[in-house]
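Visitor: below are the sequence and a predicted model for it; my questions follow.
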Amino acid sequence: MTGNQFVVSAFVVTWLSASLRLAGPVLLAALGETFAEQSGVLNVGIEGTILLGGLASFLASYYTGMIWVSLGVAVLAGVVANLFLAWMYITVRASQVVAGLVFNVLALGIASTVYRMALGNSAAPESIPMFQPLHIPFLSTVPGIGPVLFGQTILFYLTLVLALVSHFVLFRTNFGLALRASGENPAAADSAGISVPRMRYAGTLISGATAGMAGGYLVLAQVGLFRETIVSGQGFIALGIVIFGRWNPLKATVAAMVFGACDALQLSLQIFGTRVPPQLLLALPYIVTILAISGLFGGRAVQPAALMTPYIKD
């Protein structure tokens, strides 16, 4: 193998491995958001929920040193935060977009305040225990695909399992049927004895659980520290992935991989010193997402008929 071939091979392996790693958090958030939107709720507040989940996991890991407990705390924080959001969306019947955006601003203020109260104003990074890549014996040493597919953290493989479980629950269970009916035709669902508010609460809380877990994924498996800017719009990217994936967990998985590949590509190209303006490289994942949800790839997406429509029982 020549020097150039070795460099190209190393670049491709590094890029693909980073693509899968970066796809994990947005895929988690998108899986839960799929449940929320299938029930008829557009949970714009997942951006703030990811941030709160990240903060909760960081503080739990910093004080306890137990990463699985920290991940559970992140999930719990997401559920609690989205219990408030579900109340606003479903019981109060507030505008889902406005309530979600205001919650994101509120979450940023809460996270900043709690972090400074807990650790002071020091700007020095605080180290915490993290999930490490597994490096599965024999498989991780296979040339090319080994480091890419079999050198990820356990959270990545858990996320893929959750994608399969989500697809099964949504399209192969009575719960999934009731959830989708609540987002497609709530009046018919109600006449069939399905509690539409209960289904929408369930969808929103599932969304909160996975968004909180996504925050834990960011902190415990990728960054290892907490900053207010850690999310960087990934919650909004998850909203786009749900549309790109046509409200289907398996298609959303593919869409998340595309986003991860774009995100990893801009990082890799910057490291290799390309002449492309860095601002354009930073915008690449978001440009691809906008093009995807605009209908240029795969045609126009058809959302659940009652999405963002409050249900008032006659």
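Guide: Good, I have the coordinates. Residues are numbered from 1 along each chain as shown.
Visitor: show me where the chain has its helices.
Guide: 3-39, 46-64, 67-86, 96-119, 145-149, 154-172, 174-184, 186-191, 196-217, 234-244, 249-271, 278-293 (DSSP state H).
Visitor: Leu134 is nearest to which of those?
Guide: helix 154-172 (6.0 Å; Cβ to Cβ). Bear in mind the C-beta positions are built from the backbone N, C-alpha and C, glycine included.
Visitor: residues making contact with the closest one?
Guide: If you take Cβ atoms under 8 Å, 6 or more residues apart in numbering as the criterion, helix 154-172 is touched by 20-21, 24, 27-28, 31, 34-35, 38, 71, 131, 134, 175-176, 179-180, 210, 217, 220-221, 248-250, 252-253.
Visitor: now that helix against helix 3-39, angle please.
Guide: 40 degrees (axes from the mean of the first three to the mean of the last three Cα atoms, to 10 degrees).
Visitor: quick check: buried residues in helix 154-172?
Guide: Buried residues in helix 154-172, counted by 16 or more other Cβ atoms under 10 Å: Leu155, Phe156, Leu158, Thr159, Leu162, Ala163, Ser166, His167, Val169, Leu170.
Visitor: quick check: pLDDT value at Ala306.
Guide: Listed pLDDT for Ala306 reads 90.
Visitor: so it touches Gly40, yeah?
Guide: Yes: under the criterion of Cβ atoms under 8 Å, Ala306 makes contact with Gly40 at 4.6 Å.
Visitor: which one of the two has more residues nearby?
Guide: Using other Cβ atoms under 10 Å, the more surrounded residue of Ala306 and Gly40 is Gly40, with 32 against 21.
Visitor: quick one on the thing from earlier: want to throw the helices of the chain into TSV with mean pLDDT?
Guide: Below are these laid out as TSV (pLDDT from 0 to 100):
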stretch	mean pLDDT
helix 3-39	81
helix 46-64	94
helix 67-86	96
helix 96-119	93
helix 145-149	69
helix 154-172	95
helix 174-184	95
helix 186-191	92
helix 196-217	96
helix 234-244	90
helix 249-271	81
helix 278-293	71
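Visitor: okay, these in CSV with distance to Phe226 next?
Guide: Shown next, in CSV, are the helices of the chain (distance: least, Cβ to Cβ, whole Å):
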stretch, distance to Phe226
helix 3-39, 14
helix 46-64, 4
helix 67-86, 11
helix 96-119, 6
helix 145-149, 28
helix 154-172, 17
helix 174-184, 33
helix 186-191, 39
helix 196-217, 9
helix 234-244, 15
helix 249-271, 20
helix 278-293, 22
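Visitor: my guess is Ala209 contacts Gly72. True?
Guide: No: with contact defined as Cβ under 8 Å, Ala209 does not count as touching Gly72 (10.4 Å).
Visitor: of those two, which one has the most company?
Guide: More crowded of Ala209 and Gly72, by other Cβ under 10 Å: Ala209, with 23 against 17.
Visitor: in contact with the more buried one, which residues?
Guide: Gly32, Val75, Gly78, Val79, Asn82.
Visitor: relative to Thr289, how far out is the closest residue to Phe103 other than its chain neighbours?
Guide: Once flanking residues are discounted, Phe103 sits nearest to Gly45: 4.1 Å by Cβ to Cβ, 6 or more residues apart in numbering. As judged by Cβ to Cβ, to the nearest Å, Gly45 and Thr289 stand 19 Å apart.
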